[in-house]
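Colleague: predicted model follows, preceded by the sequence.
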Amino acid sequence: MLLSTLYSKMSKDYYKTLGVEKNASKDEIKQAFRKLAHEHHPDKGGDEAKFKEANEAYQVLGDETKRAQYDQFGSSFDGAGGFPGGAGGFSGFNGQGVNFEDLGDIFGDLFGGGFGGGGRGRARSARGSDIAVDVRLSFKESVFGVEKEIQITKNNTCERCAGIGGEPGTKMKTCKACDGSGMETTVQRTMFGNVQRQTACSVCAGRGEEPETKCTTCHGIGLQHGRSTLRVDIPSGVENGMKIRVRSQGESVGAQGDAGDLYLIVHVEADPRFHREGNDIIVHKKIGFTQAALGDVVDVDTVDGKVKLKVPVGIQPGDKLKLRGKGVQTSRGRGDQIVVIQIVTPKKLSKKEKKLLEELDLRE
Ligand SMILES: [Zn+2]
Ligand SMILES: [Zn+2]
């Protein structure tokens, strides 16, 4: 599956969700969120889906780092802590008002199981583990984006039985572990006391029945361990250490629930010529002092190849010249390349050079 397809599907307009402008201040975002949270609070008969949406948006826009990443890449990107994924990202509230900083995600868990989607009391299914894979990019690939082929060894859903564990066409019989109820009761300790939770039976995955004949490929597990190849579009502008989430490409749990996510950990190889600062690319260029004094046109490396740069008369060491639009590609256009001028003083002089310089007698 291509990341770009996921990207467009997953990208959400968090600004629109909160009803604020793209340049809204931190306070405006906070206020907008609090207003929505009060309005849609599920405890007060509000719309839980809207409440969660607002919360998800605030988790990102309320955090400067995540907001900056979101502005550049949209909601498919993850900061170090990861963007909240819908229901899982709920950050909690208390009985009186809304307090989003203090409580953990205890209520998120309760919401996910109790109020979420199918309603109270429905069994919650398992979810596969996430996988992290390193992806190495050249500096240029990180600037322009690239399609990469990734090999992952993981549990995939068994193709023969679609993860159910039975031979195709086999009859199902009542699960002994749960006596056909499909439920398992667990007790979870929270700061409000013990909360009893019904989860899906781990033997039959909540179906209440088991196949009479087990699948011959996976021996009833519903999984096949193996190597798979995935092509992913790495968008332009990614930085070293960034994590990209590819949904549902992690470990499978067969028919018991959703697969985990795949995280691509970006490693950008250093390039001795280029150094990145935000969306600008910094390059150091050495010139001789005659060129500095008289001006010149010099060749400069850019990620697009060599370009001619006009050095003005009387340039000073450390002066910066800008090559507009030669920086990092982002969704909003390209950054610039900044050329920092270094002036080289000759270490050895011929007799003639020495004589000429002495005649010049350039002193401060
Ligand atoms: Zn069962
Ligand atoms: Zn199978």
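Modeller: Arrived safely, thanks for sending. Ligands and ions are numbered 1, 2, ... in the order given.
Colleague: can you give me the strands in the stretch 251-364 of the chain?
Modeller: According to DSSP state E, counting those that start in this stretch, the stretch 251-364 of the chain carries its strands in the segments 257-258, 262-268, 275-277, 280-288, 296-302, 305-311, 320-323, 329-330, 333-334, 337-344.
Colleague: mind putting those strands in TSV, mean neighbour count, distance to ligand 2 and mean pLDDT included?
Modeller: For glycine as for every other residue, the C-beta is placed from the backbone atoms N, C-alpha and C. Written out in TSV, the entries for the strands of the stretch 251-364 of the chain read as follows (neighbours: other C-beta atoms under 10 Å; distance: least, C-beta to the ion, whole Å; pLDDT from 0 to 100):
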stretch	mean neighbour count	distance to ligand 2	mean pLDDT
strand 257-258	16	16	87
strand 262-268	19	22	96
strand 275-277	15	47	96
strand 280-288	16	51	97
strand 296-302	15	54	98
strand 305-311	12	53	97
strand 320-323	15	58	98
strand 329-330	18	44	92
strand 333-334	16	49	94
strand 337-344	18	55	97
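Colleague: how's the chain carved up into domains?
Modeller: In terms of domains, the chain is parsed into 8-122, 275-349 (source: automatic domain parsing).
Colleague: which of those domains sits closest to Arg197?
Modeller: Minimum separation from Arg197 across the domains of the chain (C-beta to C-beta) falls at domain 8-122, 5.8 Å.
Colleague: show me what the host helix or strand of Glu210 is packed up against.
Modeller: With the criterion set as DSSP states H and E, the secondary-structure element containing Glu210 is strand 209-211. Strand 209-211 makes packing contacts with strand 172-174 when contacts are defined by 3 or more C-beta pairs under 8 Å, 6 or more residues apart in numbering; DSSP states H and E.
Colleague: what comes up buried for the strand it packs on?
Modeller: With burial defined by 16 or more other C-beta atoms under 10 Å, not one residue of strand 172-174 is counted as buried.
Colleague: one step back: of the domains of the chain, which shows the lowest average pLDDT?
Modeller: When the domains of the chain are compared on average pLDDT, domain 8-122 comes out lowest at a mean of 61.
Colleague: which residues of the chain lie near ligand 1?
Modeller: Within the chain, the positions adjacent to ligand 1 are Cys175, Ala177, Cys178, Cys201, Val203, Cys204 by C-beta under 5 Å from the ion.
Colleague: from those residues, which is closest to Glu21?
Modeller: Cys201 (49.3 Å).
Colleague: now the nearest residue to Cys218 once chain neighbours are set aside: how far from ligand 1?
Modeller: For Cys218, ignoring the flanking residues on the chain, the nearest one in space by C-beta to C-beta, 6 or more residues apart in numbering is Cys158 at 3.9 Å. Cys158 sits 19 Å away from ligand 1, going by C-beta to the ion, to the nearest Å.
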